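Chemist: Give me the fold of what follows.
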Amino acid sequence: MKRRKFSSEFKSKVALEALKGLKTLNEIAREYEVHPNQISTWKKQLPERLPQLFSEKPWSSSEHDREKEMLYQQIGQLQVELTWLKKKVNIINS
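Modeler: Numbers count the residues shown, from 1 in each chain. Now for the predicted structure:
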């Protein structure tokens, strides 16, 4: 059986819903198709890790570098497309 991997956003969403206490763990487990024990683990981790949220910088340098690299890549792609389109327009207008 292959293990499922959950994103941090998904874990946060499920743990927060469990922490609110508006639904039982079994109801949440059925809704999100996750075992109740897993939800309990995430729920316990949430208050433990909450202080880190306010102690860390909003962007780590590696995250910032990845974002910057992705944006430079998008700019480069758009420049290539613009150059190609300008050539095509010149051919059509000639």
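Chemist: in the helix or strand bottoming out on mean pLDDT in the chain, what counts as buried?
Modeler: Evaluated with mean pLDDT, DSSP states H and E, the helix-and-strand set of the chain has its lowest mean pLDDT in helix 36-55, which scores a mean of 87. By neighbour count with 16 or more other C-beta atoms under 10 Å, helix 36-55 contains the buried residues Gln38, Ile39, Trp42, Lys43, Leu46. C-beta: built from backbone N, CA, C; applies to glycine.
Chemist: how about TSV for the residues you listed, with distance to Val14 added?
Modeler: Formatted as TSV, these follow (distance: C-beta to C-beta, whole Å):
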residue	distance to Val14
Gln38	8
Ile39	6
Trp42	6
Lys43	8
Leu46	10
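Chemist: can you tell me which of those residues lies nearest to Lys13?
Modeler: Trp42 (9.7 Å; C-beta to C-beta).
Chemist: Could you report the distance from the closest one to Arg66?
Modeler: 26 Å (C-beta to C-beta, to the nearest Å).
Chemist: By residue count, tell me the biggest helix in the protein.
Modeler: helix 61-93 (DSSP state H).
Chemist: buried sites along that helix?
Modeler: Per 16+ other C-beta under 10 Å, helix 61-93 contains no buried residues.
Chemist: mean confidence for that helix?
Modeler: On average, the pLDDT along helix 61-93 is 89.
Chemist: and that helix, how far out from the chain's middle?
Modeler: Relative to the centre of its chain, helix 61-93 is centred 24 Å away, using C-alpha atoms, centre = their mean, to the nearest Å.
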